[in-house]
Every structure is written in C-alpha cells, then in structure tokens.
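Undergrad: predicted structure and sequence below. I'll ask about it afterward.
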Amino acid sequence: MKTDIHPNYTNTTFSCACGAEFTAGSTLGKDEFKTEICSQCHPFYTGKQKLIDSSGQVEKFRAKMEKAKAAKSTKTEEMNAEEMPAEEAPAEEKAAE
Ligand SMILES: [Zn+2]
C-alpha cells in the first residue's frame, strides 16, 4: 500500500434536520456532519409527501402564479370587450352558407 495517498477514514456522526442521528464511516475528516435529509425523513422512505423547501422557492412560485393569474384575468376581460364586434363576422359567414 502506498503511503500518503489514502484519505483518513474515520467515524463521523451525521445529524439530520429532522433530528435523526447516525454514525457512519467517512473520509470527510470531520467528527460531525449536518444534513438536510436522511432515510428517516425522506419521502421515498416515509411514503408521505413532504415539501423540501429550504429557500422558499415554492412560496415564490405560488406568488408568481397568483400574479400571472390576476394579470391574465384582466387581460381576458379586456380581450372580451375588444372581441365583441369581431364575433359578428363568423355569424355573418354562417348566414351566407
Ligand atoms: Zn432526516
């Protein structure tokens, strides 16, 4: 075995945001490592849906969608008002047939 090329393999305590803690061997060189998700709380293992949204991205997206919806509804109202005379044209075509 060559010397000085192998990383130091030690026991590290992994602590999750959900409160779970477990020890595993790692080459991180730290005694403790914090993680946001683990097998105790990941939806794949728990079978429950959970939003993993640490930076508020979902809230941002919802706000954006609300804004877009509001803008669209005012736009359609305007468009409907403009379309009123245009709707008469196809009716005339039908009458000609
Ligand atoms: Zn966890």
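TA: It's in.
Undergrad: Three-state assignment for the residue positioned nearest the centre of the chain, please.
TA: Nearest to the mean C-alpha position of the chain, by CA atoms, centre = their mean, lies residue 58 at 5.8 Å. Here residue 58 is helix, with the state taken from DSSP: H, G, I helix; E, B strand; the rest coil.
Undergrad: now stretch 22-38: buried residues?
TA: 26, 37, 38 (16 or more other CB atoms under 10 Å). For glycine as for every other residue, the C-beta is placed from the backbone atoms N, C-alpha and C.
Undergrad: just the C-alpha atoms of it, please, in CSV.
TA: The C-alpha coordinates for stretch 22-38 follow below in CSV (Å, rounded to 0.1, in the frame of the first residue of the first chain):
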residue,chain,number,x,y,z
PHE,A,22,-26.4,8.1,12.9
THR,A,23,-22.8,7.2,12.7
ALA,A,24,-21.0,6.1,9.5
GLY,A,25,-17.5,5.7,8.3
SER,A,26,-16.4,8.6,6.1
THR,A,27,-13.3,10.4,4.7
LEU,A,28,-14.7,13.8,5.4
GLY,A,29,-12.2,14.4,8.2
LYS,A,30,-14.9,15.8,10.5
ASP,A,31,-16.5,14.3,13.6
GLU,A,32,-19.9,15.7,12.8
PHE,A,33,-21.8,16.4,9.6
LYS,A,34,-25.1,18.1,9.3
THR,A,35,-27.5,17.1,6.5
GLU,A,36,-31.0,18.4,5.5
ILE,A,37,-32.5,15.0,4.7
CYS,A,38,-31.9,11.4,5.6
